[in-house]
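S.K.: Kindly return the folded structure for what I paste below:
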Amino acid sequence: MRQHPHVKWNIKRGGRDAPTPTPSLTPLPNALFEDAAYPVKWNIKQGGHDVSAPTLSFPPLPSETITLGASAVSVSDPPQPHHGHGGIGMHVQLGMLFTMKSLFPGALLPEGTKLAHDIGAAPPLRFASRADADAVPFDYNDLDAILGRFGIRRGSKKAAQVAETLLTCGEVTAAASGGDSGEEPRTCATSHEAVISFAASALGTSAPRAATTVVHGGGGGRRRREEPRRYVVAPDGVDRIGSGGAVVPCHPMPYPYEVFYCHRPSDAVALRVELASVGEDGDAALGATAVAVCHMNTTMWDAHYFDMLNARRGEPICHYMPQSYVLWLAI
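M.R.: Residues are numbered from 1 along each chain as shown. Here you go, the predicted model:
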């Protein structure tokens, strides 16, 4: 098996962990925070009943055609399910979701699929320790104070992003405190320490390993790397990673500093997918080594996913994890 991509989450100098900058409380740039590539939850329950609506609220998708393997599916604005007092649109970035049966060498991703960081997004800073993060309010009831602390105008799109993250993480905290044994382990981690602690606990290991997507090509750091207009799955480009046990995907949430929604889904398989460029961009230097997670049992997922992918309820559905996402493995 080829070595899977990984990221070192702690850097030691002279035998000690290097300090991580504490987020500045000065006003932030005007750019929006980088949005999630897809909803963090595939189904939501209210009062013990499934509700066909994702947790996060975004504008509906524009009409577009998504190519899945050799087939094309026309996707237009989906019907708006109701949650609370308003409708919720399902936001999924182009090319992120696909059926497992459509993942094979030679399969084309939709033109315009982007796996790199969003160059227009405000880069988040990171709290190193849980104690430092816990000293900053992180509750929807403190929304006004949080917006003021980070110089975010109330009523702005950035304020809406912050509010959505706080509401989602409030649901996570409430579910965890309720002790529902049927719920998968999940958390909103507001620090480097909290992410690693959750991954270690959920995977039953003292040293979880992080795997991330790597985009090959020009650029560096948080600048958007050069990406081809279209990716294709390379020959012999699909490998399973990890020991076949549990995995912990961590999704970045739009917020002034780094917040991850981490969970341990049941019946999930982790893959490494080598992607090459096609067409005029067929340069060997361009492409990506992508991390993907396949959910093998989608029986309880929102109906919109099956409509979007022309799939049957219950069949395996996968998603790529863009560059800012982190997958944790037991080895």
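
S.K.: who's L275 bridged to?
M.R.: In this entry, L275 is beta-bridged to V233, A288, by DSSP bridges.

S.K.: what's the neighbour count on it?
M.R.: 26 (other Cβ atoms under 10 Å). Where C-beta positions appear, they are placed from N, C-alpha and C, glycine not excepted.

S.K.: Let me see the contact set for it.
M.R.: 109, 115, 231-234, 237, 287-290 (Cβ atoms under 8 Å, 6 or more residues apart in numbering).

S.K.: Let's see that with 6 Å instead.
M.R.: 231, 287-288, 290 (Cβ atoms under 6 Å, 6 or more residues apart in numbering).

S.K.: Leaving out chain neighbours, which residue sits closest to Y140?
M.R.: Excluding its sequence neighbours, the residue lying closest to Y140 (Cβ to Cβ, 6 or more residues apart in numbering) is L166, at 4.1 Å.

S.K.: Which two among the contacts of L275 are spaced furthest apart?
M.R.: By the measure Cβ to Cβ, G287 and A290 form the most distant pair in the contacts of L275, at 9.3 Å.

S.K.: quick one: the helices in this structure?
M.R.: 130-134, 143-149, 157-178, 192-203, 303-309 (DSSP state H).

S.K.: Looking at these, spot the one closest to A270.
M.R.: Of these, the one closest to A270 (Cβ to Cβ) turns out to be helix 192-203, at 11.7 Å.

S.K.: What is the closest one packed up against?
M.R.: strand 186-189, strand 247-252 (3 or more Cβ pairs under 6 Å, 6 or more residues apart in numbering; DSSP states H and E).

S.K.: Could you export the first one as CSV, CA atoms only?
M.R.: Written as CSV, here are the backbone C-alpha positions of strand 186-189 (Å, rounded to 0.1, in the frame of the first residue of the first chain):
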residue,chain,number,x,y,z
ARG,A,186,-18.9,14.0,17.8
THR,A,187,-17.6,17.3,19.1
CYS,A,188,-16.9,20.9,18.1
ALA,A,189,-13.2,21.3,18.9
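
S.K.: circling back: which among the helices and strands packed on helix 192-203 is found nearest to G314?
M.R.: Nearest to G314 among the helices and strands packed on helix 192-203 is strand 247-252 (19.9 Å), distances taken as Cβ to Cβ.

S.K.: Tell me which strands the closest one pairs with, and in which orientation.
M.R.: strand 260-263 (antiparallel), strand 326-329 (antiparallel).

S.K.: Quickly note the distance from P235 to G106.
M.R.: 8 Å (Cβ to Cβ, to the nearest Å).

S.K.: What ranges in this protein fall below the confidence cut-off?
M.R.: 1-31, 40-90, 118-123, 178-182, 218-226, 243-244, 279-285 (pLDDT under 70).

S.K.: Identify whichever of the helices and strands packed on helix 192-203 lies nearest to S206.
M.R.: strand 247-252 (14.2 Å).

S.K.: With the flanking residues excluded, which residue is spatially nearest to L329?
M.R.: Closest to L329 by Cβ to Cβ, 6+ apart is G242, at 4.2 Å.
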